[in-house]
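> could you look at this predicted model? Sequence included:
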Amino acid sequence: MDTASPATSSSALVDETAAAIRARIMSGEIPIGAQLRQAELAKTLGVSRTPVREALRQLQTGGLIEVVPNRGAVVRVPAPWEVREAYEVRAELEGLACVRAVRRITRDGLGELRATNELLRPGDAPPNAASHAANDRFHTLIHEIAGNERLARVIREINEAFPRNVSALVLQEHPRHRDDNFAEHERILAALQTEDPDLVRREMQSHVISAGEQLARWYERRSATVFRG
């Protein structure tokens, strides 16, 4: 027997709707600067406009969207300083995850990390969905090995503050960044293998700060033009 109250069911629907919209934004299906029209979203998601309206308010509170005069709700373009601040914090947390991973990593764990990074080895073919997933997987594998779910959750929250497809676009548009990304992962792997916690912390922190700077510069280039037209 279903004992859920109407209010509980309504709240769950709003949360599900917000999650569905967030997923489309994070994947790039709904790009930064795009308008979020309630009627279109309701039709796409198969719900009424009421949960869509409440879901948009929820996402606005979380900072993923904003209301712009004469345009309504749009996917928010993060300020470059926000990206740099977030990645400064992320660098510290990911460094901690690496320190914890040094004490827990196995030969199989190293092998999986190495195989994952091989999918990112620069070549003639442009990055694809598999390589983008491998880039994220490299980090989440370290979080899993670190064995602290609260730490992993906070890192995820920072990552989910910005559309994930933009990080993929940065690597896609700049071959040099792809080369650097692969090489930085290799140095992290080497430090994990030598079981040097201070070294692996520094390598990961440097890697994350570099990625954050690339992302901030991407937003700097886009922020002046994304709303034109």
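Right, received. Where do you want to start? Numbers count the residues shown, from 1 in each chain.

> domain ranges for the chain?
The chain is divided into the following domains under automatic domain parsing: 6-75, 80-223.

> so what's the gap between the last one and the chain middle?
Using Cα atoms, centre = their mean, to the nearest Å, we find the averaged C-alpha position of domain 80-223 to lie 10 Å away from the chain's own average C-alpha position.

> now do the buried residues in the worst-scoring helix or strand of the chain on mean pLDDT.
Scoring the helices and strands of the chain by mean pLDDT, DSSP states H and E places helix 164-173 at the bottom, with a mean of 77. For helix 164-173, the buried set under the neighbour-count rule, 16 or more other Cβ atoms under 10 Å, comprises 164, 165, 166, 167, 168, 169, 170, 171, 172. Glycine gets a C-beta too; all of them are placed from N, C-alpha and C.

> just those now: which is nearest residue 190?
Ranking the buried residues of helix 164-173 by separation from residue 190, with Cβ to Cβ as the measure, puts residue 171 on top at 21.3 Å.

> show me the contacts for the closest one.
Residues in contact with residue 171, defined by Cβ atoms under 8 Å, 6 or more residues apart in numbering, are 127, 132, 135, 177, 178, 181.

> what about it, distance to residue 164?
12 Å (Cβ to Cβ, to the nearest Å).

> before we move on, what about residue 66?
Noted for residue 66: a distance of 19 Å to residue 164, by Cβ to Cβ.

> over to residue 211?
Between residue 211 and residue 164 the computed distance is 12 Å (Cβ to Cβ).

> would you mark the buried spots in the helix or strand hosting residue 101?
Using DSSP states H and E, the secondary-structure element containing residue 101 is helix 80-102. For helix 80-102, burial by neighbour count (16+ other Cβ under 10 Å) applies to 80, 83-84, 86-87, 90-91, 93-102.

> repeat for stretch 185-203
For stretch 185-203, the buried set under the neighbour-count rule, 16+ other Cβ under 10 Å, comprises 185, 187, 188, 189, 191, 192, 197, 199, 200, 201, 202, 203.

> and the third one, what is it in contact with?
Going back to what we said before, that points to residue 188. 98, 142, 200, 203, 204, 207.
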